[in-house]
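Student: Just a sequence and a predicted model for now, questions to come.
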Amino acid sequence: MNKYSTSAEELMELERESYRRNVTRDIEWMKKIHAKNALLFNPGSEVKNAHEFFSERLKSVSTEVVSENAPKFSWEPTYSEVSSSNDMGWVHGVITIEYPDGHKEFGKYVSVWIREDDEWKVTAEIRNSDS
């Protein structure tokens with residue numbers, strides 16, 4: 001196995017860890033895993049700077065009450081690739097949003113990763129809905 005396939009596997013595991021950290025509401029870690037100028041492209045929303053977004057979330061997370069009626073958001077990476085220079089990669093995967101009434105919505109995502117300070121960091125998250 002060459003170092004590039006190892007890096008692709010590392011990106012897949014970073015995506016899975018991002019999901020686990022999101023579930024536990026570890027917003028500080030989520031902010032840290034994004035590059036300095038990372039952008040978020042969410043359906044129905046304007047483009048957002050990731051660090052600004054997570055900084056705002058950090059302000060509200062301590063007082064935020066998660067309702068049992070809130071939709072459950074999950075994602076799973078399905079494929080990744082890394083550039084031959086091993087300084088950029090991408091992961092794509094599937095998104096599921098499950099509502100309390102059992103209704104589910106599905107989508108897809110792409111995360112673009114770069115090497116920043118010798119660590120993998122998300123530089124762009126692009127999501128869309130299948131509906």
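Tutor: The structure has been received and is ready for your questions.
Student: List the contacts of stretch 98-110.
Tutor: 43, 68-72, 74-75, 90-97, 124-131 (CB atoms under 8 Å, 6 or more residues apart in numbering). Using the backbone N, CA and C atoms, a C-beta is placed for each residue, glycine as well.
Student: buried stuff in it?
Tutor: By neighbour count with 16 or more other CB atoms under 10 Å, stretch 98-110 contains the buried residues 107, 109.
Student: Distance from the chain centre to it, please.
Tutor: Distance of stretch 98-110 from its chain centroid, counting by CA atoms, centre = their mean, to the nearest Å, is 16 Å.
Student: Can I get it in CSV, CA atoms only?
Tutor: Written as CSV, here are the backbone C-alpha positions of stretch 98-110 (Å, rounded to 0.1, in the frame of the first residue of the first chain):
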residue,chain,number,x,y,z
GLU,A,98,-34.3,11.4,10.2
TYR,A,99,-37.4,13.2,11.6
PRO,A,100,-39.2,12.2,14.8
ASP,A,101,-42.2,11.0,12.7
GLY,A,102,-39.9,8.5,10.9
HIS,A,103,-39.7,10.4,7.7
LYS,A,104,-36.2,10.4,6.2
GLU,A,105,-34.4,12.7,3.8
PHE,A,106,-31.2,11.9,2.0
GLY,A,107,-28.4,13.8,0.4
LYS,A,108,-24.8,13.8,-0.7
TYR,A,109,-21.7,15.7,0.4
VAL,A,110,-18.2,16.4,-0.7
